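Novice: heads up, no residue letters with this:
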């Protein structure tokens, strides 16, 4: 049987690179993570073998990486060897495979903005900008009358 690549989404964070292999109702899932390589294979709901091989942009810590399977996809949390270094792309080669896409729903430009990233994770949501205490001067409310 011929094999085909799974649609793959990725995004970058200070400590991890996230990969999501989009295969519904996958079986026989196997993900091999090495220092500079990720190999993914499984069968989809129709029994077709899915296969992706990714030569990574930079070294990763395979022992501190993990994966999670759901009914719709397999997500890999790949620990970077050098933390807080942004990856401009996922692959070592500067060629984007047709099956690889940036996950814009989860993408954030965190580089050089670690305080904002920390504020976002501390609050759970928001941009870390604006509001009170963000460095801006408070505005004077002119609707309230002053002393007579």
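Specialist: All right, it came through fine. Predicted model only: the values in this text are computed from it and were never measured.
Novice: for residue 85, which non-adjacent residue is closest in space?
Specialist: residue 58 (7.2 Å; Cβ to Cβ, 6 or more residues apart in numbering). The C-beta positions use only the backbone N, C-alpha and C, and glycine is treated the same way.
Novice: pull the contacting residues for that neighbour.
Specialist: By Cβ atoms under 8 Å, 6 or more residues apart in numbering, residue 58 lies in contact with 36, 80, 81, 82, 85, 87.
Novice: strands - which of those land there?
Specialist: Mapping the contacts of residue 58 onto strands (DSSP state E) picks out residue 80.
Novice: surely residue 50 touches residue 4?
Specialist: Yes. Using Cβ atoms under 8 Å, residue 50 is in contact with residue 4, at 6.3 Å.
Novice: show me where this structure has its helices.
Specialist: Remark: helices assigned in the chain by DSSP state H are 114-123.
Novice: might you list the low-confidence residue ranges for it?
Specialist: Applying pLDDT under 70 to the chain picks out residues 1, 112-148.
Novice: what about the strands in the protein?
Specialist: Using DSSP E, strands in the chain cover 3-4, 7-12, 16-22, 27-33, 37-43, 49-55, 60-69, 74-80, 100-102.
Novice: picking up where we left off before, which of the contacts of residue 58 count as buried?
Specialist: Neighbour-count burial (16 or more other Cβ atoms under 10 Å) applied to the contacts of residue 58 gives 80, 87.
Novice: now the contacts of residue 58 in a markdown table, with distance to residue 19?
Specialist: Converted to a markdown table, the contacts of residue 58 look like this (distance: Cβ to Cβ, whole Å):
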| residue | distance to residue 19 |
| --- | --- |
| 36 | 14 |
| 80 | 13 |
| 81 | 16 |
| 82 | 18 |
| 85 | 18 |
| 87 | 12 |
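Novice: need the max-distance pair from the contacts of residue 58.
Specialist: Pairwise distances across the contacts of residue 58 peak at 14.9 Å for 36 and 85 (criterion: Cβ to Cβ).
Novice: tell me which of residue 50 and residue 4 has more neighbours.
Specialist: A side-by-side neighbour count of residue 50 and residue 4, using other Cβ atoms under 10 Å, places residue 50 first with 23 against 13.
Novice: sounds good, over and out.
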